[in-house]
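Asker: the following block contains a protein sequence and its predicted model.
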Amino acid sequence: MQLFFNPDTTETTQEVVFDKEESRHIVKVLRKSVGDLLEITNGNGWLFKASIARADIKKCVATIIEKEKKPEKNFRIHLAVAPTKLNDRYEWFLEKSTEMGIDEITPILCDHSERKTIKLERYNKIVQSAMKQSLQCYLPKLNELATFKEFIDLNLEGQRFIAHCEDNQKSSLKEQLTPNQDVVILIGPEGDFSVKEIEMALNSNFIPVTLGETRLRTETAAIVACHSAVFINE
């Protein structure tokens, strides 16, 4: 099955008009023609089945014939992850966490961060592509870059954890996670969180956790944390 993303499609939409890039992909690459069926999501939980009415490489048009609202999960996974020095590693995290079913991602700027800017538009395209590839109908929310303090000062719901490498007393994330609850997990940069940041998080009721016996790269730690939260809810 090939899933297409069209954020402007709603439950009342009758006809979907694809942009030039998507139209070319449908008609020229996939060789779809009039009458062929497409599956489309708007990223808000809706799955639409549509029949191609106009197979034009510049403006493909499809008529919706069926629609279904996919149920929402009873928990949300929100990871706040410092951008990595090598951008492709962060993009890998975005792709894989989306495939696993993450709900929200916030890039955070920390004391030891080496990368201080992000390409939000490119990141959004990676998340959209991963959502389509994994046949999901809910697009993860990708937030703007925030400072560490800005993030922990937010009114965050659910369980809150900070994974760090300091020798302080910590418990295993998998032992702390509770099924069917929202979860927020902080993952630091290559140089880890600063002592000051860890203290700030603890004062904001974040629980310190470990992700295992070995030291993990930022993007690996984020994937381990995401998988743990998904696994506990299966």
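Answerer: Great, that's in hand. Note that the structure is predicted; figures quoted are calculated from it, not measured.
Asker: what residues are up against the residue lying closest to Ile207 once chain neighbours are set aside?
Answerer: Nearest residue to Ile207 in three dimensions, chain neighbours excluded: Phe161, at 5.1 Å (Cβ to Cβ, 6 or more residues apart in numbering). C-betas here are computed from N, CA, C, even on glycine. With contacts defined as Cβ atoms under 8 Å, 6 or more residues apart in numbering, Phe161 is in contact with Leu173, Gln176, Val183, Val184, Ile185, Leu186, Phe206, Ile207, Pro208, Val209, Ala225.
Asker: out of these, which is nearest to Glu68?
Answerer: For these, the minimum distance to Glu68 (Cβ to Cβ) is 27.7 Å, reached by Val183.
Asker: pretty sure that closest one is in contact with Ala80, am I right?
Answerer: No: look at Val183 against Ala80 with Cβ atoms under 8 Å: they stay out of range, at 11.4 Å.
Asker: what ranges do the strands span in this protein?
Answerer: Secondary structure of the chain (DSSP state E): strands at 3-5, 15-17, 37-41, 46-54, 61-69, 77-81, 104-109, 141-142, 146-147, 159-163, 171-172, 183-187, 207-210.
Asker: in the third one, what's buried?
Answerer: Using 16 or more other Cβ atoms under 10 Å as the burial criterion, the residues of strand 37-41 that qualify are Leu38, Glu39, Ile40, Thr41.
Asker: so what's Leu47 up against?
Answerer: Here Leu47 is in contact with Glu39, Ile40, Thr41, Lys67, Glu68, Lys69, Lys70, Cys137 (criterion: Cβ under 8 Å, 6+ apart).
Asker: for Ile108, see how far away it is.
Answerer: The gap separating Leu47 from Ile108 is 33 Å, by Cβ to Cβ, to the nearest Å.
Asker: skipping adjacent residues, who's closest to Arg54 in space?
Answerer: Excluding its sequence neighbours, the residue lying closest to Arg54 (Cβ to Cβ, 6+ apart) is Val61, at 3.9 Å.
Asker: actually Lys67, not the one I wrote
Answerer: Phe48 (5.0 Å).
Asker: domains in this structure, by residue range?
Answerer: Here the domain assignment for the chain is 3-69, 77-232, based on automatic domain parsing.
Asker: what number of residues lie near Lys85?
Answerer: By other Cβ atoms under 10 Å, 14 other residues sit near Lys85.
Asker: same deal with Ala221?
Answerer: Number of residues near Ala221 (other Cβ under 10 Å) recorded here: 24.
Asker: next up, the contacts around Glu219.
Answerer: With contacts taken as Cβ under 8 Å, 6+ apart, Glu219 has the following neighbours: Val81, Thr84, Arg89, Tyr90, Trp92, Phe93.
Asker: relative to Ile52, which of those is nearest.
Answerer: The shortest distance between Ile52 and any of the contacts of Glu219, using Cβ to Cβ, involves Trp92 and amounts to 34.0 Å.
Asker: got the contact list for that closest one?
Answerer: Under the criterion of Cβ under 8 Å, 6+ apart, the contact partners of Trp92 comprise Glu219.
Asker: now it: how far from Phe161?
Answerer: For Trp92, the distance to Phe161 (Cβ to Cβ) stands at 22 Å.
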